[in-house]
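Enquirer: Okay, here's the prediction I keep looking at, along with the sequence it came from:
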Amino acid sequence: MTAAAEPTSPHVMNTYGRVPIALSHGQGVRVWDTNGKQYLDALGGIAVNTLGHNHPKLVPALQDQITKIIHSSNYYHVPGQEKLAAKLTELAGMTNAFFCCTGLEANEAAIKLARKFGHDKGIDKPEIVVYEKAFHGRSIATLSATGNTKVQQGFGPLVEGFIRVPLNDIAALKAKTEGNPNVVAVFFETIQGEGGVNPMRAEYLQQVRKLCDERDWLLMIDEVQCGMGRTGKWFAHQWAGIVPDVMPLAKGLGSGVPIGAVVAGPKAAHIFGPGNHGTTFGGNPLAMRAGIETIRIMEEEGLLENAAKVGAHLKQSLLNAFEGLEGFKEIRGQGLMLGVELTRPCGVLTARAAERGLLLSVTADSVIRMVPSLILSQAEADEIVAILVPLVKEFLAEPVAAP
Ligand SMILES: Cc1ncc(COP(=O)(O)O)c(C=O)c1O
């Protein structure tokens, strides 16, 4: 173990359960640690490194931007914001965007939009429908919207104004909101990421869209993890043919440069006015360039098609290998957002996979999650399978540890 990879540090706050390696550099979907060991990266910085590492078109564009201007201020117009907002709204079929730096910030903006939407209609205590197992971030408002008590523990009192419902159950949504005049929005991830790669069904998405229209609620879809081409469409909800009113984005949008955005349709685009919302770093020229170039390169290289094709191949290969295996439950997800659920907690597999040269994560205790770069080739997907399948089989053959 190198000095850079000590499990705890005297100076960095101990907030992460880290695998004891430190990465020094990468190329494509491969990374190397500070000891020179090579890994196949099926985690992609948790759905962030859209174009992989050291992309030959992204890197010179960012270098060019750095020599011009990294940061100005939102006191001034930022031409990159105009350009990226125009592109994102075109891809989403929406109209306006606000830029920030992270997923939780994008979600905070969405929550503020929903509340102000309510206040503008005379609702003093607006309420937002959120979901079991959801993950929206770790600020006080977004952890309150999150459906995981572990994330909330120790940080009460939580923010009020959230109504929680189960996934994919339109009757439950109707029952929980029945006769409540304070509801202003429904807020969910199309495919829950941290919650265990749990997709919303297309039919359910259409039903919720319809309900939001009937009741004059905002439909707010958190595409922070499942968006930006990962499932084979720009945004995962597009598989259901719907358009939300509010869509937070982050992660893959800048291919590694911190960036977040909340995209809005006509119903939400003009809720904020000057002074209602802002952030120092949001929409700075470097982040905007990263977003613009990421999308341009994705289009040039057909990465949506690649994500759909390679993702389907990876899913099928894993299914072929695991089907019928005792301890294997199911594979969920779409494109290059896949979760393999086992019937027992398997957190140890994150470190064990790293030992064998594969980076992935385990979420919701028993779901092995893969969210690699969208440049992953079929041959590289086969390499993932070649490492992961024996690892899981060996793990499942072990006696179950006593609770
Ligand atoms: C769906 C979703 N929303 C929001 C967030 C929070 O994003 P960030 O960590 O950039 O604040 C995450 C992070 O995992 C996420 O998966």
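Expert: Received, thanks. Just so it is clear, the model here is predicted, and its values are computed rather than measured.
Enquirer: So which residues of this structure form helices?
Expert: With DSSP state H as the criterion, the chain has helices at 44-47, 58-68, 79-92, 103-120, 140-145, 149-152, 170-177, 202-215, 285-300, 303-322, 349-355, 378-397.
Enquirer: Just give the nearest non-adjacent residue to Lys329, would you?
Expert: The shortest distance from Lys329 to any residue that is not its chain neighbour, by CB to CB, 6 or more residues apart in numbering, is 4.2 Å, and that residue is Glu341. To be clear about C-beta, it is placed using only N, CA and C from the backbone, and glycine gets the same treatment.
Enquirer: The one you found contacts Gly196, correct?
Expert: Yes - with contact taken as CB atoms under 8 Å, Glu341 and Gly196 are classed as touching, separated by 6.9 Å.
Enquirer: overlap in contacts of the two?
Expert: When contacts are counted by CB atoms under 8 Å, 6 or more residues apart in numbering, Glu341 and Gly196 are jointly contacted by Arg332, Ser366, Val367.
Enquirer: how about those in TSV, adding distance to the ligand?
Expert: Putting the shared contacts of Glu341 and Gly196 into TSV (distance: CB to the nearest ligand atom, whole Å) gives the following:
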residue	distance to the ligand
Arg332	15
Ser366	18
Val367	13
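Enquirer: For the residues you listed, which entry has the maximal number of neighbours?
Expert: If you count neighbours using other CB atoms under 10 Å, the busiest of those is Val367, which has 26 neighbours.
Enquirer: where does the protein come near the ligand, residue by residue?
Expert: Neighbours of the ligand within the chain, by CB under 6 Å from any ligand atom: 102-104, 107, 135-137, 189, 193-194, 222, 224-225, 250.
Enquirer: between those, which has the most around it?
Expert: Within the residues of the chain next to the ligand, neighbour counts (other CB under 10 Å) peak at Asp222, which reaches 32 neighbours.
Enquirer: What residues are bridge-paired with that residue?
Expert: Taking DSSP bridges, one finds Glu189 as the beta-bridge partners of Asp222.
Enquirer: For the remainder of this discussion, apply numbering that starts at 59.
Expert: Yep, numbering from 59; the last one is Asp280 now.
Enquirer: Give me the distance between it and Ala243.
Expert: According to CB to CB, to the nearest Å, Asp280 stands 12 Å off from Ala243.
Enquirer: Residue of the protein closest to the ligand, please.
Expert: Gly161 (2.2 Å; CB to the nearest ligand atom).
Enquirer: which residues touch that residue?
Expert: Contacts for Gly161 were tallied using CB under 8 Å, 6+ apart; they are His194, Gly195, Asp280, Val282, Gln283, Pro306, Ala308, Lys309, Gly318.
Enquirer: could these go into a markdown table alongside pLDDT?
Expert: Converted to a markdown table, these look like this (pLDDT from 0 to 100):
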| residue | pLDDT |
| --- | --- |
| His194 | 98 |
| Gly195 | 98 |
| Asp280 | 99 |
| Val282 | 98 |
| Gln283 | 98 |
| Pro306 | 99 |
| Ala308 | 98 |
| Lys309 | 98 |
| Gly318 | 98 |
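Enquirer: so of the residues you listed, which ones are in strands?
Expert: Asp280, Pro306, Gly318 (DSSP state E).
Enquirer: Let me see the contact set for the second one.
Expert: Read that as Pro306. 161, 164-165, 167-168, 278-282, 318-321.
Enquirer: Out of the helices of the chain, which gets nearest to Gly219?
Expert: Each of those has some distance to Gly219 by CB to CB; the shortest is helix 161-178, at 7.3 Å.
Enquirer: Please work out the average pLDDT along that closest one.
Expert: In this model, helix 161-178 carries a mean pLDDT of 98.
Enquirer: Flag every buried residue along it.
Expert: Judged by neighbour count using 16 or more other CB atoms under 10 Å, the buried positions of helix 161-178 are 161-176.
Enquirer: And for stretch 82-90?
Expert: Of the residues in stretch 82-90, those buried by neighbour count under the rule 16+ other CB under 10 Å are Gly84, Gly86, Val87, Arg88, Val89, Trp90.
Enquirer: got a list of what the fifth one touches?
Expert: By that I understand Val89. For Val89, the residues meeting the contact criterion (CB under 8 Å, 6+ apart) are Leu81, His83, Gln96, Tyr97, Asp99, His111, Leu417.
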